[in-house]
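1. please find the sequence and the predicted model below.
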2 protein chains.
Amino acid sequence: MRLAEGIEWAVHCLLVLSWLPPDAAIPAEKLAAFHGVPRPYLAKALQALARAGIVASATGRGGGYRLTRPAGEVTLLEVVRAIDGDEPLFRCTEIRQRAPIPGAVRPNQPPCAIAAAMQRAEAAWRAELARTTIADLDLKTRQHTPARVLQAGRRWIEEAAARRRDG
Amino acid sequence: MRLAEGIEWAVHCLLVLSWLPPDAAIPAEKLAAFHGVPRPYLAKALQALARAGIVASATGRGGGYRLTRPAGEVTLLEVVRAIDGDEPLFRCTEIRQRAPIPGAVRPNQPPCAIAAAMQRAEAAWRAELARTTIADLDLKTRQHTPARVLQAGRRWIEEAAARRRDG
């Protein structure tokens, strides 16, 4: 089992978008260039973020992607759900009901103990993902990155950004 | 993303094996019949459990699968690892190093904050899986199952079991 590769790309894009001033946006091709990932695949991830209401996109002059809310209000859990969907990791197919014994199929059975245990583990995973926001990740990243690299990154992003009031 | 279906099958099989007396084993075809799952696919899951040292198999008269240790010493985490492997759910491909800015590639960088956060969530998931044993699941299952169904299940399993000292 493996989470979608698009999750890594999406979170990195959200970090970049969190550096933009409110009136700016970044086109998908610039985000693809900055992260060295194929644009068509990244576009799918960005569209999934847009469907989830995490980013908004505008076309034309000054078009591109931007966050719809502060980075401190976007959690990793939302990003994982946007990209990989909301299906549980473990799917119970109720094979306990297939046992060749009378009474195996009963109405209103409590949840299978196995499914319940797997769901508890997933709840712990999701709770931890929900505790981390894009702003938290940005803070950690800044702490671990030399100032000159941060400055160069910010410059690249500012040059790549399209201003809505440009023209 | 979805965990392998074989995990559900494997845990159910381990529950059944935990009901066997120490000198007994159950052939794969009986486990497949009890759970209503295709034998070739179940065989793969059972072989994975054997490779992980959770069950042992013997061929010939009295052959079949049995637990190698008490059910209270087999955790859900071990079963998930045996069936689905030990790869992390999230794989960091270090796309931060692809940024077209000087200094993006640095030796001895601390782990990417995104990867670290995803790993924390996985650690919470695994910790919860490690807290539950096959014996815990058996206890819960017994509590939720009417006595007559448990008795019928036990009878079916005893008839299906092969005794090593049979002949």
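-> Thanks, I have the structure now. What you are looking at is a predicted structure, and each value in this text was computed from that prediction instead of being measured.
2. which strands and helices sit next to the worst-scoring helix or strand of chain A on mean pLDDT?
-> Using mean pLDDT, DSSP states H and E, strand A:162-163 stands out as the lowest-scoring helix or strand of chain A, at a mean of 74. Secondary-structure packing of strand A:162-163 (3 or more CB pairs under 8 Å, 6 or more residues apart in numbering or on different chains; DSSP states H and E): strand A:24-25. Heads up, the C-betas are built off the backbone N, CA and C, glycines and all.
3. please see if whatever helix or strand A:Gln119 lives in touches chain B.
-> Here A:Gln119 sits within helix A:113-131, counting by DSSP states H and E. Yes: applying CB under 8 Å from any CB of the partner chain, one finds that helix A:113-131 is in contact with chain B at A:113-114, A:116-118, A:120-129.
4. now do the strands in chain A.
-> With strands called from DSSP state E, chain A shows them at A:24-25, A:55-58, A:64-67, A:162-163.
5. how far is stretch A:7-26 from where the chain is centred?
-> Distance of stretch A:7-26 from the chain centroid (CA atoms, centre = their mean, to the nearest Å) equals 11 Å.
6. can I have the buried ones of the residues of helix A:113-131 next to chain B as a ChimeraX selection?
-> Selection of buried members from the residues of helix A:113-131 next to chain B for ChimeraX, criterion 16 or more other CB atoms under 10 Å in any protein chain shown:
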select /A:113,114,117,118,120,121,122,124,125,126,128,129
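7. pick out the most distant pair among the residues of helix A:113-131 next to chain B.
-> Of all pairs drawn from these, the widest gap by CB to CB lies between A:Ala113 and A:Leu129 and measures 25.0 Å.
8. OK, contacts around A:Arg163?
-> Residues in contact with A:Arg163 (CB atoms under 8 Å, 6 or more residues apart in numbering or on different chains) are A:23-24, A:62.
9. put the buried members of those into a ChimeraX selection.
-> To isolate in ChimeraX the members of those that are buried, counting by 16+ other CB under 10 Å, one can use:
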select /A:24,62
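10. closest one to A:Ala33 out of the contacts of A:Arg163, please.
-> A:Ala24 (16.6 Å).
11. name the nearest residue to that closest one, ignoring sequence neighbours.
-> Nearest residue to A:Ala24 in three dimensions, chain neighbours excluded: A:Ala161, at 4.2 Å (CB to CB, 6 or more residues apart in numbering or on different chains).
12. least confident of the contacts of A:Arg163?
-> Within the contacts of A:Arg163, pLDDT reaches its minimum at A:Gly62, with 70.
13. any chance of the strands of chain A in CSV with distance to B:Leu67 as columns?
-> What follows is the strands of chain A, written out as CSV (distance: least, CB to CB, whole Å):
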stretch, distance to B:Leu67
strand A:24-25, 59
strand A:55-58, 50
strand A:64-67, 52
strand A:162-163, 63
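14. check the ones you listed for me and report the most buried one.
-> Greatest average neighbour count among the strands of chain A goes to strand A:64-67 (a mean of 23), per mean count of other CB atoms under 10 Å in any protein chain shown.
15. excluding its backbone neighbours, what's nearest A:Thr145?
-> Using CB to CB, 6+ apart, the closest residue to A:Thr145 is A:Gly153 (7.9 Å).
16. returning to that earlier point: off-centre distance for the least confident helix or strand of chain A?
-> Put simply, strand A:162-163 sits 24 Å off its chain's centre (CA atoms, centre = their mean).
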